Structure formats: structure tokens, C-alpha cells
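Student: return a 3D structure for these sequence lines:
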Amino acid sequence: MTDRRVHRAALTPRESLLFEAGIKLGGVFHQYLGVPISRRTAPALARAIEDAVRLQPYVSDVRVRIDVTRGSPVGRGRFAYRYLVAEMLDVTVRLRHAGVEVESRLAHRADLNYVLMSVERVGRSRPKARSSRR
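Tutor: Next comes the predicted model:
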């Protein structure tokens, strides 16, 4: 994006990234819940979510972990499977823009019995690390 002013309101890069972080985590939360999942398919779903989020503006890194032990199976025998529930997700998204970096996370908080989206870190951009994937 060549236009430095993406939002109509005069937001700082920091404010803009915080807004974008919430949108990205909210998208993951609301788009993928209910997807049938198993121990075998969880890693592929996690990679697909990561790849989809990476396409979005400002994303410098994303990590998705799915803990399939948190859901209850539906059905029995060969018809038994789990579906993705919010408590299974642990998603970290890092965004960079204009010298600012924001790291946000979606994870189940046992102490709150709630899946919380939070800002983990806000600061100056770090040099981009080379990814071993791809």
C-alpha cells in the first residue's frame, strides 16, 4: 500500500496496527470455529489459517496452534470427530508498519475460563527474521 493514510481518521501507525491486530484475530476466531478436525488434520488447518492471515496487510508473522484435546468428540465409531472450538486455538499475529511492531494473541485463559484476544507487545520494529518455512 503506497498511501500512508489507509484509515480515514488520522491514526498513528501504532493505533492502526492495534486496530488491524484485532481484526485479524477476530477473523480467525469467527471464520474457522466449527470446522471438523482431528489430530491428523489439525496441523494442516493451522498452516492454512497461517497462510490466509499472512495475505493480509502488515502481517509479518503468524503462528497458529490447535490443541485438539480441548474439544469433545461428536458421534461414535467411524463417525466420531471433533470440531474446532475457541478453546483449542492459540494464535499469535505480529504486524509491522512505519517502524512500529505489534504482537497480539488469541488464547484460552483458564483463569478467566474465556478465550481472550490481547496485545502482547507494542514497540519499534525489529529487523525481519528470516523464516525457515516455505
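
Student: average model confidence for stretch 9-19?
Tutor: Taken as a whole, stretch 9-19 has an average pLDDT of 88.

Student: same question but for stretch 91-98, I mixed them up
Tutor: Mean per-residue pLDDT for stretch 91-98: 96.

Student: in CSV, list the C-alpha atoms belonging to that stretch.
Tutor: The C-alpha trace of stretch 91-98 is given here as CSV (Å, rounded to 0.1, in the frame of the first residue of the first chain):
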residue,chain,number,x,y,z
VAL,A,91,-2.9,-17.7,17.7
THR,A,92,-0.1,-15.1,17.7
VAL,A,93,0.0,-12.4,15.0
ARG,A,94,2.8,-9.9,14.5
LEU,A,95,2.2,-6.8,12.4
ARG,A,96,4.7,-4.2,11.2
HIS,A,97,4.3,-0.7,9.7
ALA,A,98,6.2,2.6,9.7
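
Student: how far is that stretch from where the chain is centred?
Tutor: Centroid displacement of stretch 91-98 relative to its chain, using C-alpha atoms, centre = their mean, to the nearest Å, is 10 Å.
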